[in-house]
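Asks: Below are the sequence and a predicted model for it; my questions follow.
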Amino acid sequence: MHNSQTPPRDSSLPTTLPGVSYIVPVLNEEKYIAASVSAILLQEYSGPKEVILALGPSTDNTNKIVSSIAANDPRVILVDNPGVDIPVGLNLAINRSQYPIIIRVDAHSELSKNYTHDGVHSLLTRDVANVGGIMHAQGRTPFQQAIARAYNSPFGLGGGAYHGSREAGPAESAYLGIFRRDVLFEAGLYDESIRRGEDWELNLRIRNLGYTVWFDPDLRVTYWPRDTWQHLTKQFIATGTWRAELVRRYGGRNPWRFFVPPALVLTWFACVVLALLQATGIVSGIPSLLASALYLGPLLYVCALLLVSLKISGPLTPRDRLYTLVVFATMHLSWGAGFLIGLIRGGQHSTDRSRLG
């Protein structure tokens, strides 16, 4: 019986701490990988550690950087991932790992110093299979900062717990994840036919086995999102496409919020068609007047964009708020368009080209 209730939180851990294996898929990450690995190696955790980097065919200096890191620290292990797919790299790293706890890390992320200690504590004391915490996005350039604001806002990504909830408890999925290695193998590891949304799908299988996935708001990870409009658009089209693929496979098990962006895109498209029909006189009179109620959808959305962008707190310039508005709209419409594409033809023809440099 896997307990999903909240037991009293004990501040101690066993005297002998279990070893942890950090797994990191890496492709074209020269801006971020050194800081990401450094944050892992500086974790305040006294148990054994290893860092397994699954290296894709990067076209920048990523592999040179990680080769230098590995040459200077025997805890850093490199495995070759000749493809670009994240689940394949993750499985290669898991199979290479030796310790009973697997911690997934994104090359765009930096773990807080207590992440491993507190995450292993939750995993062991709550008798759960996977623990995740809060993704806290940050940016360096003004546009990347706008993307980070959208990531951190419930209006941006739909209000998943790991985007800012303060309430611990069972969750449908987890950001990154601190796993029991044996449960990963029992679940069958990551599905290599899924290029995005692989975390949600794996956690669904883990929950179907009767285990609990736990959200712990005390765990915090800094995430550096894409830093250009073009990369953001490509990323969210791919994300929407693969979410549709998961809907094709699992239907109603997907949360309702994932259907909002495609509904928004369809409404915008219907408004354009209606405007053309009205302009050419094909639709007129009372039918035209009644059909014009359709315009309320996009109008309300634009009002929401303006309101949220203006109300975001902080010392923001008008340019910052404009960037934030553009980012919100890009995320929603790209995701929605990708979803509709994926619903029609599936996800197998889609690749997240934002990772290819």
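Replies: Yes, it's here.
Asks: Give the buried residues for the helix ranked longest in the chain.
Replies: As assigned by DSSP state H, the longest helix anywhere in the chain is helix 318-345. Buried positions in helix 318-345, judged by neighbour count with 16 or more other CB atoms under 10 Å: 320-321, 323-343. The way it works is simple: take the backbone N, C-alpha and C, and place the C-beta from them, glycine included.
Asks: Could you do stretch 112-122 as well?
Replies: With burial defined by 16+ other CB under 10 Å, the residues of stretch 112-122 counted as buried are 112, 115, 116, 118, 119, 120, 121, 122.
Asks: Just the closest of these to residue 20, please.
Replies: If you rank those by distance to residue 20 using CB to CB, residue 116 comes first, at 6.0 Å.
Asks: now for the strand or helix carrying that closest one, which elements pack on it?
Replies: Assessed by DSSP states H and E, residue 116 sits inside helix 115-125. Helices and strands touching helix 115-125, by 3 or more CB pairs under 8 Å, 6 or more residues apart in numbering; DSSP states H and E, are strand 101-104, strand 130-137, strand 178-180, strand 213-223.
Asks: now residue 248: how far from residue 240?
Replies: Per CB to CB, to the nearest Å, residue 248 is found 13 Å from residue 240.
Asks: wait, residue 166
Replies: Noted for residue 166: a distance of 28 Å to residue 240, by CB to CB.
Asks: repeat for residue 128
Replies: In terms of CB to CB, residue 128 sits 30 Å off from residue 240.
Asks: And those two? Which one has more around it.
Replies: The residue with more neighbours, out of residue 128 and residue 240, is residue 240; 31 against 25, by other CB atoms under 10 Å.
Asks: Count the neighbours of residue 281 for me.
Replies: Residues near residue 281, counting by other CB under 10 Å, number 9.
Asks: for it, helix, strand, or coil?
Replies: Under DSSP: H, G, I helix; E, B strand; the rest coil, residue 281 falls in the coil class.
Asks: Backbone dihedrals for it, please?
Replies: Phi and psi for residue 281, reported as degrees, to the nearest 10, are phi 80, psi 0.
Asks: In a helix, residue 210, correct?
Replies: No: Residue 210 is assigned coil when assessed by three-state DSSP, not a helix.
Asks: Just the pLDDT for it.
Replies: The score at residue 210 is 96. That number is its pLDDT.
Asks: Distance of it relative to residue 249?
Replies: 21 Å.
Asks: Which one's more surrounded, those two?
Replies: Taking neighbours as other CB under 10 Å, residue 210 and residue 249 compare with residue 249 leading, 16 against 10.
Asks: contacting residues around the more buried one?
Replies: Contact analysis of residue 249 by CB atoms under 8 Å, 6 or more residues apart in numbering lists residue 201.
Asks: hang on, the earlier thing: next, format the helices and strands packed on helix 115-125 as TSV and append distance to residue 270, mean neighbour count and mean pLDDT.
Replies: Listed next are the helices and strands packed on helix 115-125 as TSV, based on distance: least, CB to CB, whole Å; neighbours: other CB atoms under 10 Å; pLDDT from 0 to 100:
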stretch	distance to residue 270	mean neighbour count	mean pLDDT
strand 101-104	40	25	98
strand 130-137	33	25	94
strand 178-180	44	26	97
strand 213-223	35	21	93
